[in-house]
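J.: I would like to see how this sequence folds:
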Amino acid sequence: MDFQELIAKKVVALKPSGIRKFFDLLETMEDAISLGVGEPDFATPWHIRDAGIYSLEKGFTKYTPNAGMMALREEISRYMRRRFNLSYDPAGQIIVTVGGSEGIDLSLRMLLEPGDEVIIPTPSFVCYGPLTVMAGGTPVYVETRAEDDFKLTPELLKSALTEKTKVLVLPYPCNPTGGVMERADLEAVGEILKDTRVAVISDEIYAELSYGLHHVSPANIPALYDRTIVVNGFSKAYAMTGWRMGYLCGPRAAIAQMVKIHQFGIMSAPTTSQYAAIEAMRAGDRDIEAMRAEYDRRRRFLVHGLRDAGLDCYEPHGAFYVFPSIRSTGLSSEEFCERFLLSQRVAVIPGSAFGPGGEGFVRMCYAAGMENLKEALARLETFLKELA
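T.: Next up is the predicted model:
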């Protein structure tokens, strides 16, 4: 029997992540610098790790409630009010997930039926389209532009809306561009959606990494609160990627249905990680501030260095990426990244991996030490001179 014939066609049709190729090449090299991995270079703060260790020492290793420990949901509720002025009932409007990625998947599977369309601004994180397809929906990619600070403009949103539109994904602060949507931008979205039956999935995993402005959620806009599912987590703000902790906040009806999907597919998020997450929420505000200040220092250094090297670079206001244009080199995004890696042993990610609008750009992550950033810029200057 040829097992390939049994595999669902929608799975076979999915393209592997365009990011993976460069990680595989990187693993074969010595003395290479990676600006490709979207992961904090900080260790999880010790007091958070200690809380996880203590929970193991005390034998707290059993299942938790499907929606997550009530103590953690209460801390999430307090955090959302304290940091973002948002009110969510821990008993019915919050669910703890295995990372933000599960939260996005749950939201789409809960909402979509065959034929439903999902508007996805791009360039953006690679998971939204494939998860939409796996949930039976149809991705509708909307190409944002550097000239608009990579925002979803009212004109772009209106052009993408149809009778089949069921969901709008708002991936801000944005990976890979660092673009953000400010209050006025979100109010315009609310005005456009007010007479529609379109839900909003707001991926706010980088909400705490906003520079020079305070993050505003679509849920902060009265016209959008009742239709918005907020996706967030601990990976970026608290340097807890490997703990796999995320959460959803949203309307009671939505959370109730997602708990059902979650209980059949996952059961509950890791118990040890939940205890660590409680400590992060209770006592981690200073950790956030310290890491954000360091990311901001690196952000300004890298943008300045890229411009000095001769590359146009939009100034990002969120996340921990820069997205410079490499069109002046005459190379495609993938050609640039492959030649840069092989010639100078520096890994960056082609913008084309992030959907329409990404070609002609590359993503560089500044969640790396300053010495690595300095050396990467020096190697970039050498590479650009070689091309010239």
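J.: Helices of the stretch 201-350 of the chain, residue ranges please.
T.: For the stretch 201-350 of the chain, the helices defined by DSSP state H, counting those that start in this stretch cover 222-225, 252-265, 271-283, 285-308, 333-344.
J.: Now do the same for the first one: mean pLDDT, whole number.
T.: Per-residue pLDDT over helix 222-225 has a mean of 97.
J.: hang on, the earlier thing: make TSV from the helices of the stretch 201-350 of the chain and add mean neighbour count and distance to E208 to it.
T.: No exception for glycine: its C-beta is placed from N, CA and C like everyone else's. Compiled in TSV, these are given as follows (neighbours: other Cβ atoms under 10 Å; distance: least, Cβ to Cβ, whole Å):
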stretch	mean neighbour count	distance to E208
helix 222-225	16	20
helix 252-265	16	22
helix 271-283	22	11
helix 285-308	16	5
helix 333-344	19	29
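J.: between the ones you listed, which one is nearest to E155?
T.: Closest to E155 of those is helix 222-225 (Cβ to Cβ; 18.7 Å).
J.: Dump the helices of the stretch 201-350 of the chain to a markdown table, plus distance to A135.
T.: Output for those, formatted as a markdown table (distance: least, Cβ to Cβ, whole Å):
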| stretch | distance to A135 |
| --- | --- |
| helix 222-225 | 22 |
| helix 252-265 | 10 |
| helix 271-283 | 25 |
| helix 285-308 | 32 |
| helix 333-344 | 28 |
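J.: Would you tell me which of those gets closest to M110?
T.: Among the helices of the stretch 201-350 of the chain, helix 252-265 comes nearest to M110, with 5.0 Å by Cβ to Cβ.
J.: To what extent is E191 buried, counted in neighbours?
T.: Using other Cβ atoms under 10 Å, the number of residues around E191 comes to 13.
J.: I meant to write I221 there.
T.: With other Cβ under 10 Å as criterion, I221 counts 20.
J.: what sits against it?
T.: Listed by Cβ atoms under 8 Å, 6 or more residues apart in numbering, the contact partners of I221 are R183, L186, E187, V189, G190.
J.: same thing but 6 Å
T.: For I221, the contacting residues are L186, E187, G190, by Cβ atoms under 6 Å, 6 or more residues apart in numbering.
J.: Nearest to R49, out of the helices of the stretch 201-350 of the chain?
T.: Of all the helices of the stretch 201-350 of the chain, helix 271-283 sits nearest to R49, with 6.9 Å by Cβ to Cβ.
J.: and that closest one, what does it pack onto?
T.: Judged by 3 or more Cβ pairs under 6 Å, 6 or more residues apart in numbering; DSSP states H and E, the packing partners of helix 271-283 are helix 46-57, helix 70-84.
J.: residues in contact with it?
T.: The contact list for helix 271-283 (Cβ under 6 Å, 6+ apart) reads 48, 51-52, 55-56, 61, 64, 69, 71-72, 75, 79, 234, 238, 243, 245.
J.: what's the answer for stretch 324-343, then?
T.: Here stretch 324-343 has contacts from 25, 306, 311-313, 346-348, 350-352, 359-362, 383, 387, using Cβ under 6 Å, 6+ apart.
J.: Low-confidence ranges, the protein, go.
T.: Where the chain drops to pLDDT under 70, the residues are 18-29.
J.: so T138 touches I119, yeah?
T.: No. Under the criterion of Cβ atoms under 6 Å, T138 makes no contact with I119, lying 10.3 Å away.
J.: Those two: who's more crowded?
T.: I119 (24 against 16).
J.: Is the more buried one in a helix, a strand, or coil?
T.: strand (DSSP: H, G, I helix; E, B strand; the rest coil).
J.: Let me know the distance separating it from C174.
T.: 15 Å (Cβ to Cβ, to the nearest Å).
J.: for V346, same thing?
T.: Distance of V346 to C174, computed by Cβ to Cβ: 23 Å.
J.: who's more crowded, the two?
T.: Neighbour count, other Cβ under 10 Å: between V346 and C174, C174 has more, with 30 against 23.
J.: for the more buried one, helix, strand, or coil?
T.: Assigned with three-state DSSP, C174 falls in the coil class.
J.: Now do the contacts for it.
T.: Here C174 is in contact with S124 (criterion: Cβ under 6 Å, 6+ apart).
J.: how close does it get to H317?
T.: Using Cβ to Cβ, C174 is found at 10 Å from H317.
J.: With K166 instead?
T.: Noted for K166: a distance of 29 Å to H317, by Cβ to Cβ.
J.: Likewise for M1?
T.: Here the criterion is Cβ to Cβ. By it, M1 lies 54 Å from H317.
J.: quick one, which of the two is more surrounded?
T.: Per other Cβ under 10 Å, whichever of M1 and H317 has more neighbours is H317, with 22 against 5.
J.: The more buried one against V180, yeah?
T.: Yes. Using Cβ under 6 Å, H317 is in contact with V180, at 4.7 Å.
J.: so who does G305 touch?
T.: Residues in contact with G305, defined by Cβ under 6 Å, 6+ apart, are L377.
J.: and if we set it to 8 Å?
T.: Counting by Cβ under 8 Å, 6+ apart, G305 touches L373, L377.
J.: And for V98?
T.: R244, M245, G246, I266, A269, P270.
J.: and which of the residues you listed is nearest to L108?
T.: Checking those against L108 with Cβ to Cβ, the nearest one is G246 at 14.3 Å.
J.: where along the stretch 1-150 of the chain do the helices fall?
T.: Assigned by DSSP H, counting those that start in this stretch, the helices in the stretch 1-150 of the chain fall at 9-12, 20-26, 46-57, 70-84, 99-111, 128-134.
J.: what comes up buried for the host helix or strand of E191?
T.: Secondary structure from DSSP states H and E places E191 in helix 183-193. Within helix 183-193, the residues scored as buried using 16 or more other Cβ atoms under 10 Å are D185, L186, E187, A188, V189, G190, I192, L193.
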